[in-house]
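>>> need a 3D model of the following:
(2 chains)
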Amino acid sequence: MNQPVTPGAGPTGPDTHAVTADGSPTELRLRPPRHQVDRRSILLWSVHAALTVVVLVALLGAAAGLIEPARPWLLAATGAAVVVGIGYVVAMPRVRYRVHRWEVTDEAVYTKAGWLTHEWRVAPLSRVQTVDARRGPLQQAFGLSSVRITTASAAGDVVVDGLDHELAADLVQTLTERTQATPDDAT
Amino acid sequence: MTDAGGPPGGVPLGGGLPSGVPPPPSGAPGGPTPAPAPFGGSRAGEVPWQRLDARMIAVDVTRLAGSLVPLAVAVVLRNADAGAVASTLMTLALIGIASALFDLLRWATTWYRITDERVEIRTGLVTRRHRSIPRDRIRRVDATAKLLHRAFSLEVVTIATGEQGGSSDDEVKLDAVTSPDAAALRSRLLGARTDAGRPPTAGTTDAAGAPAAPAGTEAGSDEGDMLASLNWRWAPYDLFSFWTLAIPALALGGLLQALQSVGVSPDEVANDERVTGRFSDVSLGTGIAVAVAAIVVVGVIGALALFVETWWGFRLVREPAGRLRVRRGLLTTRSISLDEARLRGVELAEPLLLRAAGGARLRAVTTGLAGAEGSRGESADVLLPPVPMGEAQRVAAAVLDEPAAPTDSPDLHAHPRGARRRRLTRAVVAGASAWGLVVGVHVATDGVPPAAWAVPAVVSVGAVAYALDAYRSLGHALAGRYLVVRRGSFARRTVALQRAGVIGWTVRRTVFQRRLDLATVVVTTAAGHGSYPLVDVDAGDGLRFADEAVPGLLRPFLADPPTTAPPP
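Residues are numbered from 1 along each chain as shown, chains lettered A, B, ... in the order given. Model prediction:
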């Protein structure tokens, strides 16, 4: 990763931080998590995206064929969908691959995901409730897995997408061992 | 107080009490009697299964008898050729009879027991169901008594766990046990266990000297510290809600329905000669004025009646064993006991109307109440009726056992200008779309009526006002053991969350937020809504806030240690 996009990489200067207690001018930024996801993820996401786009274009095309009065509009929409779809299939997986990263320390799990919207998640291992690996049919074909880490919060799970499935199994093992050390109910 | 006969003080637990002892039968006829295990033999020394209180039979028989009255009336009316009313009554009576019989069946097929580790309940005749709740997961014990239950001094006890999702699997409902039994259950199941693990400040006295706590603890009726009790001057604040308008609408709907069911059509009445003749010379303005007055009167009376029914005898008490207890209700009484060790903070809610009146509501942020949402004081986390802001802050401080309410931070950090810009941008987009729509329709058709131009004008002004207000609401701060987050315009919410209750952070940045150097920093927690976002905070400030709120958690993942020089 040459230039990971992180908070603080924006154009605004540090003058907006006047409210901080210690008056430190340092602008805090999140560093990217250490590990990149598996390179095969690009292909997986591409296939996913392509399937989505193909279905959408097919639906629009079928509608254009069937609905006579709105045909010009629907054909235009189909054309637009093809152009945007190709851009999406080409760009999204590559951008996503540059963004998606993960890391597990002794204390916490840290992930970054997204492509247009970036999302960093930190969950302390002491609050982790369940850890499991999931493999959809497509993921199996590519030898990939997702690892889902559930905490007691209703706000959603921490998910690491696109790990090699053996690495994912190891990760689940490691996380399970580390989290079992904490006896409380993680709330 | 229905539980005046309960045991004094929390029963000591955690292995102290022989766990097999059922709640005291209180000498009542038909108190819980040890029953043989209905499913397989019980081993020696096992806690016996017991039935719900036998007085439920009396309740059901009473309901049965009550349902026979409309049935009898229906039969008489049917002979008197009033078919519509008769069939309505008949339906009601049959529903009543069926439900009473089903309830009898439920009583006969329900067994429960409370062991050292678990609360177990077995129900069902054909489909048998066995539910089991680990006792250390119990967060809330709730006792409700409707009028009929109260006549037989019975209470419905709901035991709920902290599982998220709020499915019915998370709670066990004992319908019903005697009031002393309910009190004993509450003592056994909540609070006492947590003596060791409680937050250090919980359980100490406070609020006894607070200005609005009347008479401190009332002898005999309440044990523990009274944090708040009903003040009738709060009633007007209850009117500042949409219910005040909804009640007349519901009343009107009910009335029309009732008229229809007895065969009177509103159209016929409206066009009837006698009606039109009498009201033909009433002007439209007068008619509207009368209608508005009627709506207001019905709304105010209805809302006040609901207030009285919901909040009669309201008390918020901190009981010695580490429980917060809310009691209220005129006809249906309700008692909600929360495990104080599970309290993670409070939420101050100011819906727009109530905010305009200077009032607020107070809710507990605690694990185990997710999914317990309900309307109008029904949800279990409601600590207060709508009250003046000062009172809400005082009670918030008392509940959290802090000298000052963390929610009462006048110096919340405002969010940067970029946050306002985003909101104004959205308002402009909304206004422009409204104009575009009306102009489009105007061009495409023969032109819109002049009044239609008011719509985009109102939308534009309203959207900008909303944007500015939403921006003003944004704020965050650290206050002692708590972090405070505020947001929202129509429903402004200020939440004070224990920093120790934070179980993770999420930082989200859209393309637009990255351009403005903003971020949405989300506090995740096991309590309340599960996550509380600091929307559109300055990216650096948001991270600093997160880092300071929970030292150590985010630090390893920050790029710039504070010692390094800022980037040029």
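>>> going by C-alpha atoms from here, please, whenever you check contacts or count neighbours.
Noted.
>>> quick check, B:Ser87 in contact with B:Ala74.
Yes: between B:Ser87 and B:Ala74 there is a contact under C-alpha atoms under 8 Å: 6.9 Å.
>>> low-confidence stretches in chain A?
Within chain A, the stretches with pLDDT under 70 are A:1-26, A:181-187.
>>> which one's the longest helix in it?
Using DSSP state H, we find that the single longest helix of chain A is helix A:71-99.
>>> ok, and what's touching the helix or strand following it?
Once the chain leaves helix A:71-99, the next helix or strand it forms, by DSSP states H and E, is strand A:101-104. Applying C-alpha atoms under 8 Å, 6 or more residues apart in numbering or on different chains, the set of residues contacting strand A:101-104 from outside is A:Pro32, A:Pro33, A:Arg34, A:His35, A:Gln36, A:Val37, A:Val109, A:Tyr110, A:Thr111, A:Lys112, A:Ala113, A:Val160.
>>> which ones are touching B:Val172?
B:Ile121, B:Arg131, B:Ile133, B:Thr158, B:Ile159, B:Ala160 are the contacts of B:Val172 under C-alpha under 8 Å, 6+ apart.
>>> apart from its neighbours in sequence, what residue is nearest the spatially most central residue of chain A?
With distances taken as C-alpha atoms, centre = their mean, chain A has A:Ala113 as the residue nearest its mean C-alpha position (3.2 Å). Using C-alpha to C-alpha, 6 or more residues apart in numbering or on different chains and skipping the chain neighbours, the partner closest in space to A:Ala113 is A:His100 (4.5 Å).
>>> give me the pLDDT value at the residue positioned nearest the centre of chain B.
Nearest to the mean C-alpha position of chain B, by C-alpha atoms, centre = their mean, lies B:Ser379 at 1.8 Å. pLDDT recorded at B:Ser379 is 71.
>>> which SS state does it fall under?
coil (DSSP: H, G, I helix; E, B strand; the rest coil).
>>> please apply the same query to B:Thr127.
B:Thr127 ends up coil, using three-state DSSP.
>>> for it, give me phi and psi.
phi -100, psi 110 (degrees, to the nearest 10).
>>> now it: how far from B:Glu120?
16 Å (C-alpha to C-alpha, to the nearest Å).
>>> which of the two has more neighbours?
Between B:Thr127 and B:Glu120, counted using other C-alpha atoms under 10 Å in any protein chain shown, the more crowded position is B:Glu120 (18 against 7).
>>> how about that one, nearest residue that isn't a chain neighbour?
Per C-alpha to C-alpha, 6+ apart, closest to B:Glu120 is B:Ser132, 4.3 Å.
>>> run through chain B and note the low-pLDDT ranges.
Using pLDDT under 70, the flagged stretches of chain B are B:1-45, B:80-84, B:162-170, B:191-223, B:368-378, B:560-568.
>>> how about a cut-off of 50?
Chain B contains residues with pLDDT under 50 at B:1-42, B:165-167, B:193-222, B:371-377, B:564-568.
>>> who touches A:Leu75 in this structure?
Here A:Leu75 is in contact with A:Leu60, A:Gly61, A:Ala64 (C-alpha under 8 Å, 6+ apart).
>>> a markdown table for those, including secondary structure, neighbour count and distance to chain B?
Compiled in a markdown table, those are given as follows (DSSP: H, G, I helix; E, B strand; the rest coil; neighbours: other C-alpha atoms under 10 Å in any protein chain shown; distance: C-alpha to the nearest C-alpha, whole Å):
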| residue | secondary structure | neighbour count | distance to chain B |
| --- | --- | --- | --- |
| A:Leu60 | helix | 19 | 25 |
| A:Gly61 | helix | 18 | 28 |
| A:Ala64 | helix | 20 | 24 |
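>>> which positions in the stretch 251-400 of chain B make contact with chain A?
B:Thr367 (C-alpha under 8 Å from any C-alpha of the partner chain).
>>> for chain A, what is the nearest residue in the stretch 251-400 of chain B?
B:Thr367 (7.3 Å; C-alpha to the nearest C-alpha).
>>> hang on, the earlier thing: measure the residue nearest to the centre of chain B to B:Ser335 for me?
B:Ser379 is 12 Å from B:Ser335, by C-alpha to C-alpha.
>>> please apply the same query to A:Val82.
61 Å.
>>> neighbour count for the two, which is higher?
Shown here are A:Val82 and B:Ser335; by other C-alpha under 10 Å, B:Ser335 has more neighbours (22 against 17).
>>> measure the nearest residue to that one once chain neighbours are set aside to B:Ser229 for me?
If the residues on either side of it in the chain are set aside, B:Ser335 comes closest to B:Arg327, at 4.4 Å by C-alpha to C-alpha, 6+ apart. As for B:Arg327, its distance to B:Ser229 is 9 Å (criterion: C-alpha to C-alpha).
>>> B:Gly96 too?
Applying C-alpha to C-alpha to B:Gly96 and B:Ser229 gives a distance of 37 Å.
>>> so which strand or helix has the residue nearest to B:Ser489 when sequence neighbours are not counted?
Closest residue in space to B:Ser489, ignoring its immediate chain neighbours: B:Ala470 at 4.8 Å, by C-alpha to C-alpha, 6+ apart. Assigned by DSSP H and E, B:Ala470 belongs to helix B:454-473.
>>> packing partners of that helix?
Packing partners of helix B:454-473 (3 or more C-alpha pairs under 8 Å, 6 or more residues apart in numbering or on different chains; DSSP states H and E): helix B:417-444, strand B:482-487.
>>> check contacts around B:Ala500.
Counted by C-alpha under 8 Å, 6+ apart, B:Ala500 has contacts B:Arg481, B:Val550.
>>> run a quick neighbour tally on the nearest residue to B:Gln513 once chain neighbours are set aside.
Excluding the flanking residues, the one nearest B:Gln513 by C-alpha to C-alpha, 6+ apart is B:Ala519, at 5.9 Å. Look at B:Ala519: counted by other C-alpha under 10 Å, it has 28 neighbours.
>>> what bridges to B:Ala519?
Bridge pairing for B:Ala519 (DSSP bridges) gives the partners B:Val537.
>>> contacting residues around B:Trp435?
Per C-alpha under 8 Å, 6+ apart, neighbours of B:Trp435: B:Pro456, B:Ala457.
>>> which residues of the stretch 51-200 of chain B fall in strands?
According to DSSP state E, counting those that start in this stretch, the stretch 51-200 of chain B carries its strands in the segments B:111-114, B:118-123, B:129-134, B:138-145, B:154-161, B:171-178.
>>> of all those, which lies closest to A:Leu28?
strand B:138-145 (38.3 Å; C-alpha to C-alpha).
>>> what about the closest residue to chain A within the stretch 1-150 of chain B, how many neighbours?
Residue of the stretch 1-150 of chain B nearest chain A, by C-alpha to the nearest C-alpha: B:Arg137 (8.4 Å). By other C-alpha under 10 Å, 19 other residues sit near B:Arg137.
>>> how near is the closest residue to B:Leu554 other than its chain neighbours to B:Leu553?
Leaving out its chain neighbours, the residue that sits closest to B:Leu554 by C-alpha to C-alpha, 6+ apart is B:Asp547, at 5.5 Å. Computed with C-alpha to C-alpha, the distance linking B:Asp547 and B:Leu553 is 7 Å.
>>> for the stretch 451-568 of chain B, which residues are neighbours of chain A?
So the stretch 451-568 of chain B meets chain A at B:501, B:503-511, B:514-517, B:519, B:524-527, B:529-531, B:538-541, B:543-544, B:553-554, B:557-560, B:562, B:564-566 (C-alpha under 8 Å from any C-alpha).
>>> buried only: go through those residues for me.
Buried residues within those, defined by neighbour count using 16 or more other C-alpha atoms under 10 Å in any protein chain shown: B:501, B:503-510, B:514, B:516-517, B:519, B:524-527, B:529-531, B:538-541, B:543-544, B:553-554, B:557-560.
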